[in-house]
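> Give me a model of this one.
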Amino acid sequence: MNYYGSKQLADAFRTVRKNTVQIAEEIPENKYDFKPAPEARSVAQTLSHVAIAPQFFTYVHVNKITDMHSVNFQEVFGPLMAEEQKPRTKAELVELLKTEGDKFASFLEGMSESDLAELVIMSPMAGGGSKTRFELLLSPKEHEMHHRAQLMTIQRMIGQVPHLTRLMQERMAQMQQQAQAAGQR
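Residues are numbered from 1 along each chain as shown. Below is the predicted model:
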């Protein structure tokens, strides 16, 4: 019995993407060029990167690649990187995050259990060995969460409280109010 299949994978990715979209919506457009350090990506570049990155994993699985040594990374990443570099407005980036997120989540939902169990041989640059397609398809979610943490740090740097922090603060305040109300009875 598999407790975590394609539907759960798609749902988890949708949750992560929904949170990324909210951050993209909350950061003012005049801060989209902000970089926390000179060599770092800007807010806009990070959002574009996050939106486009899952296309690589779709490519690997649509083409049934079972050995990453067979991938011509220059050929695959060249167009993806060019797409990432296109200048976009805030509205265009938010829409790109939504449409690309929906496409990838729908793709994940279509994976069968046998697809998810299939082994893919990894290149030495990725640690060698092999991984299941399931493990590989977790990567875009983990990758996005990494960059979302960067974006949340940027939110702090520009004076915003990230929405996930605000939600936690609200829950804590409610619990404190309930505890106080229970103590007054």
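> Can you give me the distance of the residue most central in space within the chain to Pro28?
Most central in the chain under Cα atoms, centre = their mean is Glu144, positioned 2.5 Å from the mean C-alpha point. Glu144 is 22 Å from Pro28, where distance means Cβ to Cβ, to the nearest Å. (C-beta placed from N, C-alpha, C; glycine too.)
> Same check on Arg156?
14 Å.
> Dihedrals phi and psi, the closest residue to Lys35 other than its chain neighbours?
Nearest residue to Lys35, sequence neighbours excluded (Cβ to Cβ, 6 or more residues apart in numbering): Ser42, at 4.9 Å. Main-chain torsions, Ser42, degrees, to the nearest 10: phi -80, psi 170.
> show me where this structure has helices.
Ranges of helices within the chain are 6-26, 43-52, 54-62, 73-85, 90-109, 113-117, 133-157, 163-183, based on DSSP state H.
> Just the angle for the second one relative to helix 6-26, thanks.
Here the directions of helix 43-52 and helix 6-26 differ by 160 degrees (axes from the mean of the first three to the mean of the last three Cα atoms, to 10 degrees).
> packing partners for helix 43-52?
helix 6-26, helix 73-85, helix 90-109, helix 133-157 (3 or more Cβ pairs under 8 Å, 6 or more residues apart in numbering; DSSP states H and E).
> what does that helix rub up against?
Here helix 43-52 makes contact (Cβ atoms under 8 Å, 6 or more residues apart in numbering) with 20, 24, 27, 31-34, 41, 80, 83-88, 90, 93, 96-97, 100-101, 143-144, 147-148, 150-151, 154.
> cool, and the third one?
Among residues not part of helix 54-62, those counted as contacts by Cβ under 8 Å, 6+ apart are 65, 68, 71, 76-77, 80, 83, 100-101, 103-104, 107, 111, 115, 120, 133, 136-137, 139-140.
> Of the helices and strands packed on helix 43-52, which is nearest Ala126?
Closest of those to Ala126 is helix 133-157, at 9.6 Å (criterion: Cβ to Cβ).
> Who are the packing partners of that closest one?
helix 6-26, helix 43-52, helix 54-62, helix 113-117.
> List the buried residues of the third one.
The neighbour-count criterion (16 or more other Cβ atoms under 10 Å) identifies 54-58, 60-61 as the buried residues of helix 54-62.
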